[in-house]
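Peer 1: pasted the sequence and its predicted model underneath.
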Amino acid sequence: MALATVLPPPVPVDEADYRRLRDLVAAGGVTVLTGAGMSTASGIPDYRGPDGSRRVQPMQYAEFLGSAENRRRYWARSYVGWARFRAAGPNEAHHVVADLQRGGQVEELITQNVDGLHQAAGSRDVIELHGNLNVIVCLTCEERFDRVEVHRWIAEANPGFSAESEEIRPDGDIVLAAQDFADFRLVRCVTCGSDLLKPDVVFFGGSVAKPLVERAYAAVESADALLVLGSSLQVMSGLRFVKRAHALGLPVALVTRWPTRGDAWASLRIDGLLQDVLPRLRADCLQLA
């Protein structure tokens, strides 16, 4: 089943600001940082509303570790949600970034998203700050598994399990009532027997691995400009790269609907839908190349 698209209302884009953005990107040497707004047109909602407040309360890392009951709740929701989540495909914004990377305007790509849609659109060497839902890791022995394989284990352990929900979350799970997962059976790592299997993504309250952070910093420090697409920058995970670029004197351009936490460090801010800005940007930059 395809995911429904839920987008904020469009607004006119300031032409002078757009020309500045076009010239910045056309000059090349751009590192791009993307957030959840990249994937809303693919039917995957973002975390926050226009005022920056969180729409949903995701599973916390300590909560996941805290009890088998919490893990059962998470995996019941994630099992149902992932079947819908994986139906999402890259939208035009993902394809634009991939095309600009192929065209040489974009050098590096950092994403806060866990959906793998940049790679599906053809982007290469993506720095996935928060991991990828398609990989499962055992927190006990660190063995890694393909999500498709683990999904099959869960289906075999829970024959006939199903649940309905209209609300899918940005991290791929859904909202379920307590009675929907009371009898849900967890699966275990086939290497060590632990039930501490978890998508290889950074839960809220967790931290990004230091080598990955260092790689992202290097991508920013080697750039001529930083372009942020579809991120509210509410969490330090992404905001720190905006601050680093600003401290280095690099131009920082933000393109997203609604204000962001990084506006104070931006040299250019466009309040607009990516679907309205990026296709035009691609056409203009490739024409100027």
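Peer 2: Structure received.
Peer 1: elements contacting the worst-scoring helix or strand of the chain on mean pLDDT?
Peer 2: The helix or strand of the chain with the lowest confidence, counting by mean pLDDT, DSSP states H and E, is helix 68-85 at a mean of 88. Applying 3 or more C-beta pairs under 8 Å, 6 or more residues apart in numbering; DSSP states H and E, we find helix 68-85 packed against helix 61-66, helix 147-157. Every C-beta, even on glycine, is put in place using the N, C-alpha and C of the backbone.
Peer 1: can you redo the ones you listed as TSV with distance to residue 82 and mean neighbour count?
Peer 2: Output for these, formatted as TSV (distance: least, C-beta to C-beta, whole Å; neighbours: other C-beta atoms under 10 Å):
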stretch	distance to residue 82	mean neighbour count
helix 61-66	16	15
helix 147-157	6	15
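Peer 1: turn the ones you listed into CSV, including mean pLDDT and distance to residue 265.
Peer 2: Output for the helices and strands packed on helix 68-85, formatted as CSV (pLDDT from 0 to 100; distance: least, C-beta to C-beta, whole Å):
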stretch, mean pLDDT, distance to residue 265
helix 61-66, 95, 28
helix 147-157, 96, 36
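Peer 1: ok, which of those helices comes nearest residue 213?
Peer 2: Taking C-beta to C-beta, helix 61-66 is the member of the helices and strands packed on helix 68-85 nearest to residue 213, at 16.7 Å.
Peer 1: and of the helices and strands packed on helix 68-85, who's closest to residue 28?
Peer 2: If we rank the helices and strands packed on helix 68-85 by C-beta to C-beta, the stretch that ends up nearest is helix 147-157, at 35.6 Å.
Peer 1: pLDDT weak spots in this protein?
Peer 2: Residue ranges of the chain with pLDDT under 70: 1-7, 47-57, 164-175, 177-179.
Peer 1: neighbours of the residue nearest to residue 35 when sequence neighbours are not counted, how many?
Peer 2: Nearest residue to residue 35, sequence neighbours excluded (C-beta to C-beta, 6 or more residues apart in numbering): residue 231, at 2.5 Å. Other residues near residue 231 number 27, with proximity taken as other C-beta atoms under 10 Å.
Peer 1: residue ranges of the helices in the stretch 101-250 of the chain, please?
Peer 2: 117-120, 147-157, 210-221, 236-247 (DSSP state H, counting those that start in this stretch).
Peer 1: show me the domain layout of the chain.
Peer 2: Per automatic domain parsing, the domain ranges recorded for the chain read 12-44+90-130+207-289, 54-87+133-201.
Peer 1: pick the most buried one from the ones you listed.
Peer 2: Comparing the domains of the chain by mean neighbour count (mean count of other C-beta atoms under 10 Å), domain 12-44+90-130+207-289 comes out on top with a mean of 19.
Peer 1: now do the same end-to-end measure for that domain.
Peer 2: 26 Å (C-alpha to C-alpha, to the nearest Å).
Peer 1: show me the strands in the stretch 151-289 of the chain, by range?
Peer 2: Using DSSP state E, counting those that start in this stretch, the strands found in the stretch 151-289 of the chain span residues 197-201, 225-229, 252-256, 268-271.
Peer 1: Throw those into CSV and include distance to residue 130, thanks.
Peer 2: Shown next, in CSV, are those (distance: least, C-beta to C-beta, whole Å):
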stretch, distance to residue 130
strand 197-201, 5
strand 225-229, 15
strand 252-256, 18
strand 268-271, 24
